Structures are given as C-alpha cells and as structure tokens.
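Student: structure for this input, please:
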Amino acid sequence: MTEMIKKILRKTLLLMGILVAMNFIYQYFFEEKDIQAHSEVINRVRNLPEDAEVVYVGESSNITNRSDDKDKRPISGFLADYYPGLAVHDITKTAAHAGIYYTLLANIPEENNIETLVVTLNLRSFNAQWIYSDLETPLQKSMVLLQDWPPLLNRTLLSFKAYDIKTPKEREAQFKRKWKKDRFDVPFRLPYRDVIAWDSYIGRNGILNEEGKRDQPKTELACHYVKGYAFQIDFKHNPRIRDFDKIVKLSEKRGWKLVFNLLAENVEMAQILVGNNLTWFMRDNAKRLVDYYSAKGVIVVNNLEAVEDEQFIDRNWTTEHYAEKGRRTIASNEPGPAPTNQKRCPGSHLRKPAPYNRPNSYKRIDPVQKEQPRTTGPARTSGSAPYERINPVQAAQLIQTVQPCTTGPTLTSGAALYKRIATTQLPFGSLRSVPAALVWGLTIAQ
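Tutor: The predicted model follows:
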C-alpha cells in the first residue's frame, strides 16, 4: 500500500513538473504571439504612459466624430483641456461594456501613477439587447488570454472555447426571452406589460407625420427606442451591475479615485417619438444608478440630458455618438476650454448650456401620455430633468458659499487635488459634468 502511494506521488510530482515547464516554455516563447493574435486590445493598456494620472475608459462614444466637426478630438481630449497639469489618457474599446473594462483595468500594472479613473457608464449597456448582443462572443474571446490564470491554462481554455460563445440566433433568443420575462412595474397606468407588447403596438399603429400619414423611418426608430430603453435595472441580477461593482472594488484596492460618467441619451427624441412613458424609464434608471453608486462612494456625473438632439450623429439608431459640441458638453459642460494660464475661483468656468428649442413635428401615439401622473421630481419643462440634482451653476454657487475664493488654486495642482478628493465626503450625490465633479476637489484643495 505504501509503495502504491509513493508511486502515485512520484507520478503526480512528475506531471506537475512537466506542466510547470510547459507553462514556462509557453509563456516565454509563444504567449505574446497568441495575445497579439487574439487579445490585441491589451495594447491599449500597455500603451498607457507611466506618468498617466487620469485615465478615461470608454467605448466608441469617446472617439466617434461627425464629418463637419472642426475639432475631432475624443471626449478624453476635451477633458484634458481643463487639467493641463495632469497627464490625461484613455483606454477605448469599441462596443465594450463594464465587464471588458474590468478585465482591462485589472491588467494595469500594480506600480502606476494613476490617481483617477473616469469610467463610461452607458445606460443602454444594461438592457437585454446589449447584454445578449452578437458582439459578446468575440468580446469574450478577446478576454480569455488576459485572465489572471497561468498562461498555459488560459491558452487551453481558448483552444477548447471555454467562454461565452453563442450564435447570433441564440443571442436573439436570449434577449427576446428576457423581454418576455421582465414585466413592467411602474407607478402609473401603462397599457403594455412588457417590451414586446409595447414594440408591437408602435409597429402596428406607427408614428404619424404632420399630414397624419405613417412615417415608416420614424416608426422603426421609435421601436428601437422602446427596445433600447424600456427596461428596469435589476440591481441584484443584472450582469452589468456586477461588473461595475467589481470596478468599484478594484479601484478601492488600487487606491484610484473613481468617477462614473453617465453618458447622455437622446431623451429629446425619445420624448418626441414615444413620449413621457419612455422618458420616465430613462430618468428612473439614471436616478437609481446615481443613487446606488453614490452610496458606494463613487462620484457619478449625470449627463443623461446634457446633449441636445442635433448633436447626436446617428439618426436611425440609438447610440451615444456625439458631434463636437456634444463631446465638449460631456467633457466639460461648456462650449470650449477655459484659459489655462490664470488663476480662477472654483466653478468659475462653469456656465449653463445655451437653451435649445425642441422640435414638435411628429405626433406621438401613446394614448396615456397626457394622463400619466408624475410621482417623483418637479414637473418637467423643456430642457430640464426631474431627477437632476444640481446643475453647474448651482454647483459653483454652492462651492462659493462653502469656501470663499479670492484668487483660487492654479490648474497645475491636479495630483494633489485628486488625493484630497479621495478622502473627502461630497455634499451631494451626483454632478452634471466631469469638471464639475472635480470642482469640489479644487475647493477643498485650498
């Protein structure tokens, strides 16, 4: 019996030795080639300069521009204008979501100079169509070799396709089952029990133009809006919530100050095409996200309604692709960068965006819009949001009352600013823009 045990132990140790040797050989001779073939996205992390202090993490919304833009820089580029004393860089992966962000951020070396992460919080990424997108298979495949496992094991998992792999038809079946399973639970009368019923109603009745005739392109767009935004986030089971929660924990572990940048959606067009019932879902989900992550100590920048309809590039689909003014608004909430060679009071660069006129050329078809009672927030007027907690002007006024300013700090004191923010309790849960979120830090840094 003893001899048998010894024999088993010898073989086990021999096998372990062989595996360790194979892992060593693979890691030093073959791994990099496989990474460049299957996971080249890691180069976006590797290319971060060692002096990077602020990292903006996003998807195509960061880099998409319009042909008539005079300045085609990304959102992260406009953000950098306000903090010339800080090294601002970005990690951008098109079609990515929080799960992809987490894997990339986990691969940032332990030794780094990063003070703050600004992570894109895309409302649509929580819906069923995005969670079960046919892009998910290639995205998950690109992450396999980047997991925190022995390189040889990662390669084995990739070879055996041990990741979330499904055909487009299987993905479609997944999100349609989700649409059918999730029933609406709203504090007002809504004649549709789920997304499928709502989408079918609009498809049958259509959107009418000024002449009372069916406008097919607008009808199709209205259906896209319903399928994209008519959902209620389940904070216990939604995989995106789990992904963002992991980013929060990773940031705490690494000592990074975390900012979630809730992107603007075309609420104006949703109001025109579908009406109050749909915009309620958009605002309610945004409010709940702000409340949830603010309670976890994250600064949440609420840009949900910060960009006007004209600045959305894609006109036949729901995206977060903005023209130049829209990208500037997301980054700074004002048309252009402030002077960088002078001192100023905290919040003095913030001003209220110019008002815009909402077109009303298409008739809405929802029979209960005018009967819908508003249960939370003030009555909505053109260009305002019932869940907006504070706008840039109010932020500046609040800061001035908390900390009077005479000359203000210089903009080059950015690194110290972020360190002070990390240990300071904000007086409000969310802010309207990324610079506004940092204004409070400028005040306490004095």
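Student: got the contact list for residue 80?
Tutor: Counting by CB atoms under 8 Å, 6 or more residues apart in numbering, residue 80 touches 54, 86, 88. For every residue, glycine as well, the C-beta is placed using N, CA and C.
Student: at 7 Å instead, please
Tutor: Shown in contact with residue 80 (CB atoms under 7 Å, 6 or more residues apart in numbering): residue 88.
Student: kindly report the same for residue 61.
Tutor: By CB under 7 Å, 6+ apart, the neighbours of residue 61 are 120, 263, 320-321.
Student: can those go into CSV with extra columns for secondary structure, pLDDT and distance to residue 62?
Tutor: As requested, these are exported to CSV (DSSP: H, G, I helix; E, B strand; the rest coil; pLDDT from 0 to 100; distance: CB to CB, whole Å):
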residue, secondary structure, pLDDT, distance to residue 62
120, strand, 96, 7
263, coil, 97, 10
320, coil, 97, 9
321, coil, 98, 10
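Student: so for the protein, the centremost residue is which one?
Tutor: Taking CA atoms, centre = their mean, the centroid of the chain lies closest to residue 121, which sits 2.0 Å from it.
Student: quick one, phi/psi of it?
Tutor: Here the main-chain torsion angles of residue 121 (degrees, to the nearest 10) amount to phi -110, psi 100.
Student: need the contacts of residue 61 in a markdown table (columns: distance to residue 101 and neighbour count).
Tutor: Listed next are the contacts of residue 61 as a markdown table, based on distance: CB to CB, whole Å; neighbours: other CB atoms under 10 Å:
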| residue | distance to residue 101 | neighbour count |
| --- | --- | --- |
| 120 | 8 | 24 |
| 263 | 14 | 26 |
| 320 | 15 | 26 |
| 321 | 19 | 18 |
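Student: and which of those is nearest residue 38?
Tutor: For the contacts of residue 61, the closest approach to residue 38 (CB to CB) belongs to residue 120, at 24.2 Å.
Student: I'd say the closest one and residue 260 touch.
Tutor: No - with contact defined as CB atoms under 7 Å, residue 120 does not count as touching residue 260 (8.1 Å).
Student: OK, contacts around residue 152?
Tutor: So residue 152 contacts 22-23, 26 (CB under 7 Å, 6+ apart).
Student: narrow those to just the buried residues.
Tutor: 23, 26 (16 or more other CB atoms under 10 Å).
Student: out of the contacts of residue 152, which are inside strands?
Tutor: Residues of the contacts of residue 152 located in strands (DSSP state E): none.
Student: in helices, which of the contacts of residue 152 fall?
Tutor: Secondary structure from DSSP state H places 22-23, 26 of those in helices.
Student: now these as CSV including distance to residue 272?
Tutor: Converted to CSV, the ones in helices among the contacts of residue 152 look like this (distance: CB to CB, whole Å):
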residue, distance to residue 272
22, 61
23, 58
26, 57
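Student: so what secondary structure elements neighbour the host helix or strand of residue 301?
Tutor: Taking DSSP states H and E as the criterion, residue 301 maps to strand 299-302. Identification of packing neighbours for strand 299-302 by 3 or more CB pairs under 7 Å, 6 or more residues apart in numbering; DSSP states H and E yields strand 257-262, helix 276-294, strand 430-431, helix 434-444.
Student: what mean pLDDT does it have?
Tutor: The average pLDDT for strand 299-302 rounds to 94.
Student: put the alpha carbons of it into PDB.
Tutor: Output of strand 299-302 as PDB, limited to C-alpha atoms (Å, rounded to 0.1, in the frame of the first residue of the first chain):
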ATOM      1  CA  ILE A 299     -18.600  60.300  -8.000                       C
ATOM      2  CA  VAL A 300     -21.400  59.900 -10.600                       C
ATOM      3  CA  VAL A 301     -21.600  62.500 -13.300                       C
ATOM      4  CA  ASN A 302     -25.100  62.600 -14.600                       C
END
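Student: contact partners for the closest residue to residue 63 other than its chain neighbours?
Tutor: Distance criterion CB to CB, 6 or more residues apart in numbering; nearest residue to residue 63, sequence neighbours excluded, is residue 74 at 4.6 Å. Neighbour list for residue 74: 62-63, 90, 327 [criterion: CB under 7 Å, 6+ apart].
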